[in-house]
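Chemist: Okay, sequence plus prediction incoming.
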Amino acid sequence: MKKYGGKTVSRWNRVAPLYGLILPTFVLLLVFNYYPAFLAFFRSLYEWDVGGKAVFVGLGNFYELFADPIFRKSAINIGKLVLFIMVVNLTVPLLVAELIFMIRSERVNYALRVLFALPMLIPPIVIWVLWKFIYSDAGILTVLLETLGKPEWIYGWLSHPKTALAAVAFTGFPFAVGFNILVYYTGLTQIPRSILESAHLDGAGPWQVFRHIHLPLLRGSIKLLSVLTLIAVLQGFESVYVLTGDGGPGYETIVPGLYMFFNGFTYNRMGYACAIGVVLFTVMLLFTLVNQRLLRCDTDYTPEKKRRRPALKLRVHQPRV
């Protein structure tokens, strides 16, 4: 309690106007984000379509879902995509960020960061349409292989069962994601210069500095990017829809997000589509919790008693005199 002009004003009365400013934002989030999400959980227990009568089936949609061979195929496909994209999207940007960080010229450093960030301004649909042309019979890849005298290497990249999923995954080439690079670079700039200078004075080489200093102190960035990458891959289906249309050939490129879209808006099975969404949400939530546990870093807040963490140790072979 504080006195202003002879009147006692509580802390809540002082901060209430500030909460009033953000109240419209919370209302919009509840109406357009949280309400549809909770409604999906509720509707997943019904055989239902928009405008039709809802019939309660309990866990029937989930039983049918896990016995659905198309959904199982989509789960296998998305597992392969997650594994591949997670590896390349976490390692390649880290390598690029390290190379940029090692450049001493501020002008060159800044120019490279801008160049890697510029592709973020291009809508993803443009990139997917471009890759669809590259993979086409008259596309750049076909012309390049014919020019190199390798016509036997020409495939129907998006129509052949053996190459369709790999072709979809490769649309991120060269995998130097600008957002990931900037996150890693920001993490590198937050490392105290005194630590790096001490390591160099002790004779640590670039690999030792990267392994014993950079990687441990970038754990928070790795944790953030791994969660964002998984969510983006599990939720995304637009690239498959643009490149193959229906997840073909057959179901070789079908993913859960695309299967959910077809069930909801093509097969008129909105309740079944909600069940697929609930399963995807559960997978993302479990991964996030496990990721928070395994990649816990010093900056994370925990209500537990603060643990003592050993200092970073560099094993450096001192030259003999």
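Modeler: Happy to help now that I have it. Remember, predicted model here, so these are calculated numbers, not experimental data.

Chemist: Which element, helix or strand, includes residue 49?
Modeler: Using DSSP states H and E, residue 49 is not contained in any helix or strand.

Chemist: For residue 294, see how far away it is.
Modeler: 41 Å (C-beta to C-beta, to the nearest Å). C-beta: built from backbone N, CA, C; applies to glycine.

Chemist: Neighbour count: those two, which is higher?
Modeler: Taking other C-beta atoms under 10 Å, residue 49 and residue 294 do not tie; residue 49 has more neighbours (17 against 10).

Chemist: And the pLDDT for that one?
Modeler: On pLDDT, residue 49 comes in at 82.

Chemist: pretty sure it contacts residue 267?
Modeler: No: the criterion here is C-beta atoms under 8 Å, and residue 49 misses it with residue 267 at 9.1 Å.

Chemist: Not counting residues beside it along the chain, what's closest to residue 184?
Modeler: The spatially closest residue to residue 184, leaving aside those adjacent along the chain, is residue 97, at 3.6 Å (C-beta to C-beta, 6 or more residues apart in numbering).

Chemist: The one you found against residue 185, yeah?
Modeler: Yes: between residue 97 and residue 185 there is a contact at 4.5 Å, judged by C-beta under 8 Å.

Chemist: Neighbour count: those two, which is higher?
Modeler: Ranked by neighbour count (other C-beta under 10 Å), residue 97 and residue 185 place residue 97 first, with 26 against 22.

Chemist: quick one: the more buried one from residue 217, how far?
Modeler: Counting by C-beta to C-beta, the gap from residue 97 to residue 217 is 13 Å.

Chemist: picking that back up, buried stuff in the helix or strand containing the residue nearest to residue 184?
Modeler: Assigned by DSSP H and E, residue 97 falls within helix 69-102. Residues of helix 69-102 classed as buried: 70-71, 73-75, 77-78, 81-82, 84-85, 88-90, 92-94, 96-98, 100-101 (neighbour count, 16 or more other C-beta atoms under 10 Å).

Chemist: Repeat that for stretch 107-117.
Modeler: Within stretch 107-117, the residues that qualify as buried are 112, 113, 116, counting by 16+ other C-beta under 10 Å.

Chemist: Go ahead and list the helix or strand containing the last one.
Modeler: For residue 116, the element it lies in under DSSP H and E is helix 106-117.

Chemist: Strands along the chain, start to end?
Modeler: Taking DSSP state E, the strands of the chain run over residues 2-4, 7-9, 46-47, 55-56.

Chemist: So for the chain, the centremost residue is which one?
Modeler: residue 229 (1.4 Å; C-alpha atoms, centre = their mean).

Chemist: That one against residue 87, yeah?
Modeler: No: using C-beta under 8 Å, residue 229 is not in contact with residue 87; the gap is 9.9 Å.

Chemist: just for the protein, where's the confidence low?
Modeler: Residue ranges of the chain with pLDDT under 70: 1-10, 295-321.

Chemist: redo that, cut-off 50
Modeler: Regions of the chain meeting the criterion pLDDT under 50 cover residues 4, 6, 301-302, 305-321.

Chemist: Tell me how many other residues crowd the closest residue to residue 62 other than its chain neighbours.
Modeler: Excluding the flanking residues, the one nearest residue 62 by C-beta to C-beta, 6+ apart is residue 275, at 5.5 Å. Around residue 275 there are 29 other residues, counting by other C-beta under 10 Å.

Chemist: try residue 283
Modeler: With neighbours defined by other C-beta under 10 Å, the count for residue 283 comes to 17.

Chemist: so what's it closest to, chain neighbours aside?
Modeler: residue 234 (6.6 Å).

Chemist: Check the gap between residue 126 and residue 171 for me.
Modeler: Residue 126 is 12 Å from residue 171, by C-beta to C-beta.

Chemist: Comparing the two, which residue is more hemmed in?
Modeler: Legend: neighbour count by other C-beta under 10 Å for residue 126 and residue 171, higher for residue 171 (18 against 9).

Chemist: Please give me every residue in contact with the more buried one.
Modeler: The contact partners of residue 171, by C-beta atoms under 8 Å, 6 or more residues apart in numbering, come to 127, 128, 131, 239, 243.

Chemist: Please name the nearest non-neighbouring residue to the fourth one.
Modeler: The reference is to residue 239. In space, residue 239 is closest to residue 128, 5.1 Å off (C-beta to C-beta, 6+ apart).
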